[in-house]
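In: Please work out how this folds:
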Amino acid sequence: MTRARRWIIGRGLLGRAVERARPDEAFAVRLPWNDPDRTVEAIAVALPEFAASDSRLEVYWCAGRGVTSTPREQLAVEASVFDRVLEVFLAAPSDVRSRLAFFLASSVGGAYAGSGTPPFTESTPVAPLSAYGDTKLHMEAALREATADGQWRSFIGRITNLYGAGQDLSKPQGLISALVRGHLSGQPTSVYVPLDTLRDYIYEDDCAAVVDAGMRRVAAQPPGTTVTKLIGAMRAVSIGALLSELTRLRRRRGPIVLGGGDARGQALDLRIRSEVWTDLDGLVRTTLPEGLSRVYQAQLLGRAAPH
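Out: Here you go, the predicted structure:
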């Protein structure tokens, strides 16, 4: 079994980038995300079709609209859907589970917001400061348990600050996209944390390349194995430096408003250093200036397109 059938659940910034990595092997099902029961039912109904061939099976959980400030009640719904989907896969025949590799998109910020001295590694004790972090760690634990019980393989990616040209500007996240939008519109962008806050920014397609390589590699691990890896550029920059780089690229400063919002659950320093499958870190090749320029050009084209 050399080829894989890939089911990408969640078609946001990361999900679309993962699909671009191997578009010819994708399996797609339209899911009614506004109805949790119907979402789980749709996945259960589609599973036999997904597993019909004798290919390797890869499932990518890139779904979820939660952010650090999302209320716990809303996040509990997302976690419940994930738990119930794992039950669907656990109920699948053993020949399906033996061919399965499962990816979960998790969060560096969610896991380590209250941890000690950075840079953080996979062996750093987790210390969430928000319901978002609690939820991500719950999902990680649920996947590890299901993987051991179902005897498939899983890859958990704790991802740093993901950005790219496909960012959903309706979500209250994505500082880079919000700053670029402010440059283009002239409207102030709110920055709720100090300018010396350190973040690691990874471009969407670089992140997808690491996820793709990790899923290929985890498929060769013993059944029941879960591998957790930090995924980022391994280079942190301050928000002040990010603003300066945007100013340099665009030759003018965009308007910002400091403070005035909810910064609970946010750490000042989220530097990381992966200790797991470190050769995959070389797949992160997009420099911050390159990535900023791509986001700017995409938004510029979007504003120019007829509506």
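In: alpha carbons only for contacts and neighbour counts from here, please
Out: Fine.
In: In a strand, residue 82, correct?
Out: No: applying DSSP: H, G, I helix; E, B strand; the rest coil, one finds residue 82 to be helix, outside a strand.
In: tally of neighbours for it?
Out: Using other Cα atoms under 10 Å, residue 82 has 20 other residues around it.
In: what about the nearest residue to it once chain neighbours are set aside, is that helix, strand or coil?
Out: Nearest residue to residue 82, sequence neighbours excluded (Cα to Cα, 6 or more residues apart in numbering): residue 139, at 7.2 Å. What three-state DSSP gives for residue 139 is helix.
In: hang on, residue 139 packs against residue 79?
Out: Yes: the criterion here is Cα atoms under 8 Å, and residue 139 meets it with residue 79 at 6.5 Å.
In: So which bits of the strand or helix carrying residue 45 are buried?
Out: Assigned by DSSP states H and E, residue 45 belongs to helix 36-50. Buried residues in helix 36-50, counting neighbours by 16 or more other Cα atoms under 10 Å, are found at 36, 39-40, 43-44, 47, 50.
In: of these, closest to residue 240?
Out: Residue 240 has its nearest neighbour among these in residue 36, at 40.3 Å by Cα to Cα.
In: That closest one against residue 81, yeah?
Out: Yes: counting by Cα under 8 Å, residue 36 touches residue 81, with 6.2 Å between them.
In: Comparing residue 139 and residue 79, which residue is more hemmed in?
Out: Neighbour totals were compared for residue 139 and residue 79, and residue 139 leads with 22 against 17 (other Cα under 10 Å).
In: Now do the same contact list for that one.
Out: Contact partners of residue 139, counting by Cα atoms under 8 Å, 6 or more residues apart in numbering, are 79, 82-83.
In: could you redo the last one with a cut-off of 10 Å?
Out: Neighbour list for residue 139: 78-80, 82-83, 86, 104-106, 133, 145, 156 [criterion: Cα atoms under 10 Å, 6 or more residues apart in numbering].
In: For the closest residue to residue 235 other than its chain neighbours, list each beta-bridge partner.
Out: Excluding the flanking residues, the one nearest residue 235 by Cα to Cα, 6+ apart is residue 200, at 5.7 Å. Beta-bridge partners for residue 200, by DSSP bridges, are residue 236.
In: what's the burial count for residue 200?
Out: Neighbours of residue 200 (other Cα under 10 Å): 21.
In: so residue 95 makes contact with residue 51?
Out: Yes: Residue 95 lies in contact with residue 51 (Cα atoms under 10 Å); the separation is 9.3 Å.
In: Okay, buried residues for stretch 212-226 please.
Out: 212, 214-216, 218-219, 223-226.
In: Could you pull up the mean pLDDT of it?
Out: Averaged over stretch 212-226, pLDDT sits at 97.
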